[in-house]
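**Student:** fold the following for me, if possible:
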Amino acid sequence: PDEVGWREAVSAWAWALRETLQKRPWALRIPITGPPTMPNNVRWMETGLRAMRGMGLNGGLRISLLLLLSGLVRWEVTMYDDLNTALKESGASEKEMLGGYGQLLTAVTDPAQFPEVHALVNEKVFDDTGEPDDDFSFALELLLDGLETLVTRLDES
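**Tutor:** Purely as a prediction, here's the structure:
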């Protein structure tokens, strides 16, 4: 809606695209052979561009941002779909599959060659899988912070 700012509109667009692709992960397996031409793809493009209206960016930058945002969404949904498929095929629980990752890394890597990995294992970073939306929310907010900096910089010039 026009009454919300561009940041809220772009965020809502990204979350809606994510939700749509999560319901239809098979759509991510269709090869991209060119720019959007099908009605629903063009509708998503139109909605994303409309969300960016208040940014004050030229059309080329808005298209680039649309590609960046949709790429983030596609990557995240594809990664989680792949992990969920592997989880279902393994018959293990998420806790079983991911809970032992730190131990596995410790067993298969040398701390002298992989000191950063081992530091994270020692911090128990891999022991907490977090909430399903945490990684996407973090990445989207980081990207939106960068876009806000860009918009501010362009406004000042």
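
**Student:** tell me which element the closest residue to residue 144 other than its chain neighbours is part of?
**Tutor:** Take residue 144 and drop its neighbours on the chain: the residue closest to it by CB to CB, 6 or more residues apart in numbering is residue 7, 5.5 Å away. (Each C-beta comes from the backbone N, C-alpha and C, glycine too.) Following DSSP states H and E, one finds residue 7 within helix 6-23.

**Student:** please apply the same query to residue 113.
**Tutor:** Going by DSSP H and E, residue 113 is not in any helix or strand.

**Student:** swap in the one 4 residues further on?
**Tutor:** When elements are defined using DSSP H and E, residue 117 is found to belong to helix 115-122.

**Student:** that helix: which residues count as buried?
**Tutor:** For helix 115-122, the neighbour count (16 or more other CB atoms under 10 Å) marks 117, 118, 121 as buried.

**Student:** which strands and helices sit next to whichever helix or strand comes after that helix?
**Tutor:** Per DSSP H and E, helix 115-122 leads on to helix 134-156 as the next helix or strand towards the C-terminus. The contact analysis (3 or more CB pairs under 8 Å, 6 or more residues apart in numbering; DSSP states H and E) places helix 134-156 against helix 6-23, helix 59-90.

**Student:** for helix 134-156, give me every contacting residue.
**Tutor:** Identification of contacts with helix 134-156 by CB atoms under 8 Å, 6 or more residues apart in numbering yields 6-7, 10-11, 14-15, 18, 55-57, 65, 68-69, 72-73, 76.

**Student:** which among those count as buried?
**Tutor:** 6-7, 10-11, 14, 18, 55, 57, 65, 69, 72-73, 76.

**Student:** which of the residues you listed sit farthest apart?
**Tutor:** 57 and 76 (23.7 Å; CB to CB).

**Student:** what is the burial count for residue 21?
**Tutor:** 19 (other CB atoms under 10 Å).

**Student:** correct me, but it touches residue 77?
**Tutor:** Yes. Shown here, residue 21 and residue 77 form a contact pair, counting by CB atoms under 8 Å, at 4.4 Å.

**Student:** need the residues touching each of those two.
**Tutor:** The contact sets of residue 21 and residue 77 overlap at residue 28 (CB under 8 Å, 6+ apart).

**Student:** residue 63: how many residues sit nearby?
**Tutor:** Neighbourhood size, residue 63 [other CB under 10 Å]: 16.

**Student:** please consider this matter closed, and thank you.
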